[in-house]
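Novice: Structure for the following, please:
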Amino acid sequence: MEIDKKIIQKLIETLEDLKKSTKGMDLNLAEVKKEKEIEIPKNVVKSPIVGTAYLSPEPGAKPFVSSGKKIKKGDTVMIVEAMKTMNHVPSTMDGIVKKISVEDGQPVEYDQILIVLE
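Specialist: Numbers count the residues shown, from 1 in each chain. Prediction:
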């Protein structure tokens, strides 16, 4: 592949113009703000499969969990429906429900965080 000399010359001219336009400006790259790192909590219950999440055993029924509720390892926290099969999702640890990350009837992906525990 041969690079056109006119393109290279144009790039060099553009860089020289950029240098001239920033001359006298104090460019401190250390002050550039960094994006916040996404903090992934360690105490979570994740979806074991792809499907639709349901927070209660049937429409209108009391939800399995709610914020502030204490749960034990093995307790059902919600149901994920996949291919007309209702799969109970058990808690992977003891804890208090800090946040429910999905809504009733929401599609979920494999390994998606469903519940955050304290």
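Novice: Just the CA coordinates for the helix or strand of the chain with the lowest mean pLDDT, please, in PDB.
Specialist: Here the helix or strand of the chain ranked lowest by mean pLDDT, DSSP states H and E is helix 5-21, holding a mean of 87. Extracted as PDB, the C-alpha positions of helix 5-21 are listed here (Å, rounded to 0.1, in the frame of the first residue of the first chain):
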ATOM      1  CA  LYS A   5       2.500  12.200  -0.300                       C
ATOM      2  CA  LYS A   6      -0.100  15.000  -0.600                       C
ATOM      3  CA  ILE A   7      -2.100  13.500   2.200                       C
ATOM      4  CA  ILE A   8       1.000  13.300   4.400                       C
ATOM      5  CA  GLN A   9       1.900  16.900   3.600                       C
ATOM      6  CA  LYS A  10      -1.700  18.000   4.500                       C
ATOM      7  CA  LEU A  11      -1.500  16.200   7.800                       C
ATOM      8  CA  ILE A  12       1.800  17.900   8.700                       C
ATOM      9  CA  GLU A  13       0.400  21.300   7.800                       C
ATOM     10  CA  THR A  14      -2.700  20.600  10.000                       C
ATOM     11  CA  LEU A  15      -0.500  19.600  12.900                       C
ATOM     12  CA  GLU A  16       1.700  22.700  12.500                       C
ATOM     13  CA  ASP A  17      -1.500  24.900  12.500                       C
ATOM     14  CA  LEU A  18      -2.700  23.100  15.600                       C
ATOM     15  CA  LYS A  19       0.600  23.800  17.400                       C
ATOM     16  CA  LYS A  20       0.400  27.500  16.500                       C
ATOM     17  CA  SER A  21      -3.200  27.800  17.700                       C
END
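Novice: any low-confidence regions in the chain?
Specialist: Where the chain drops to pLDDT under 70, the residues are 1-3, 26-41.
Novice: mind listing the strands for it?
Specialist: Using DSSP state E, the strands of the chain run over 44-46, 51-54, 70-71, 76-82, 85-90, 95-100, 107-108, 113-117.
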